[in-house]
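> After the sequence you'll find the predicted model.
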Amino acid sequence: MKFGIIGGGFGFDCHLEALKNIKGVKIIGITDSGSGKLLKKISNPQIYSNSVDHLISLNPNVITIATPPRYHSDLISKIAQKNINILCEKPFCISTLEGLNSTLLVEKFKLANCINFQYRFEPGIQFLKSKINDQSIDEIRSVDVKWLTSRRRDPKSLWTWRNDNLQGGGVKNAFLVHIIDLIQWLLMSEINTIGKSKSQIIIPFRMDSDANKIPVTAEDLIKVDFIIKNNIKVRCKVSNCHSSSHGMRIIINGKKGKLIYEHKPPFRACDQSVFIEHDDKRILLFNANDAIPIKFKDTRTYSLRELYKSFIYSIEEGIHNSEVPSFKLGYRIKKILEKID
């Protein structure tokens, strides 16, 4: 299957690496904004395309869109009209209207489509879901999710589009979007109520690459509560400017115990585990070091590969795979995000 990639950042760092590790995949082109910076990074310059139009002209089976969300709608429109299947990064488009129009467009052309909610393919998350499904924890009462890193805590870290609310930046769009997908998928229930929320810009200004002082308009921290089926409350706290890096932790609180997923820095396979806790006794149930091949230094590359494999299978077999997160799901989650103050 032939793939093209749009995006010289995450598209090059993770999507390209994930696809290179799938048998039967041929990467026929990758392009960026046209700056030429990507060309300097690619070991095989023959796959570099100098424009999106050139990439489309190569007629790949799938094009991956790994750009800021403000470009999604126009790119989806251009690609869909050439009858090419699409995998798109999250958050899906810059608005719910664009997300809806993009969803209707791929459905009109009957194209396979996928949003990169890759964390549901992390082995620890998959194991956590299996424990929830077999009722290893009884009578779920609440869920606590914390995703706290210090990667952007340094005020000297340069300004990027992710610091701009108008371009779809902020931890709500970068991290909380994954949490919403995980909670709904893990518990097989859509969020029906948004409770109290609070967002904060911790570092109000950053310097750009030209040493200009630029205001930060997208949040560095967000706290929000959700309610799902059976009146289960989900409490979330997310920040990439935390004082210290704790990683991601999901705690499923039952009547008599807890299921705990955690992935700690430096985020290797061995740092990803699932525990069960009863009467203050914690028992290790799973560690991802046993599931992820050693060649995957970054677990995101492994989980992204697994998502791609599911997506490719659905294309080859011509079937709808409910495990593949679709544009329609991306649109529904975008609606939830826009309702959060």
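Right, received. Where do you want to start?

> The stretch 1-150 of the chain: strands as residue ranges?
Assigned by DSSP state E, counting those that start in this stretch, the stretch 1-150 of the chain shows strands spanning 2-6, 26-31, 62-65, 85-88, 113-115, 142-148.

> With mean neighbour count, distance to Asn212 and mean pLDDT as extra columns, can I get those strands in JSON lines?
(C-beta placed from N, C-alpha, C; glycine too.) Listed next are those as JSON lines, based on neighbours: other CB atoms under 10 Å; distance: least, CB to CB, whole Å; pLDDT from 0 to 100:
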{"stretch": "strand 2-6", "mean neighbour count": "23", "distance to Asn212": "27", "mean pLDDT": "97"}
{"stretch": "strand 26-31", "mean neighbour count": "20", "distance to Asn212": "27", "mean pLDDT": "96"}
{"stretch": "strand 62-65", "mean neighbour count": "26", "distance to Asn212": "29", "mean pLDDT": "98"}
{"stretch": "strand 85-88", "mean neighbour count": "25", "distance to Asn212": "31", "mean pLDDT": "98"}
{"stretch": "strand 113-115", "mean neighbour count": "25", "distance to Asn212": "34", "mean pLDDT": "98"}
{"stretch": "strand 142-148", "mean neighbour count": "20", "distance to Asn212": "29", "mean pLDDT": "98"}
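
> JSON lines for the ones you listed, including distance to Trp185?
Formatted as JSON lines, the strands of the stretch 1-150 of the chain follow (distance: least, CB to CB, whole Å):
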{"stretch": "strand 2-6", "distance to Trp185": "25"}
{"stretch": "strand 26-31", "distance to Trp185": "28"}
{"stretch": "strand 62-65", "distance to Trp185": "21"}
{"stretch": "strand 85-88", "distance to Trp185": "18"}
{"stretch": "strand 113-115", "distance to Trp185": "12"}
{"stretch": "strand 142-148", "distance to Trp185": "13"}
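
> and of the ones you listed, who's closest to Phe327?
strand 113-115 (4.4 Å; CB to CB).

> Mind giving me the packing neighbours of that closest one?
On a contact count with 3 or more CB pairs under 8 Å, 6 or more residues apart in numbering; DSSP states H and E, strand 113-115 meets strand 85-88, helix 327-339.

> Pick the most buried one from these.
strand 85-88 (a mean of 25; mean count of other CB atoms under 10 Å).

> that older thread, between the strands of the stretch 1-150 of the chain, which one is nearest to Tyr331?
strand 113-115 (8.9 Å).

> in its sheet, what does that closest one sit against?
Partner strands for strand 113-115, per DSSP bridges, with pairing direction: strand 85-88 (parallel).

> what does the strand it pairs with contact?
Strand 85-88 is contacted by residues 61-65, 72, 76, 79-80, 102, 106, 111-116, 308, 311, 315, 327, 330 when judged by CB atoms under 8 Å, 6 or more residues apart in numbering.

> tell me, what residue is most central in this structure?
Phe117 (4.2 Å; CA atoms, centre = their mean).

> nearest spatial neighbour of Lys297, skipping sequence neighbours?
Take Lys297 and drop its neighbours on the chain: the residue closest to it by CB to CB, 6 or more residues apart in numbering is Arg268, 7.4 Å away.
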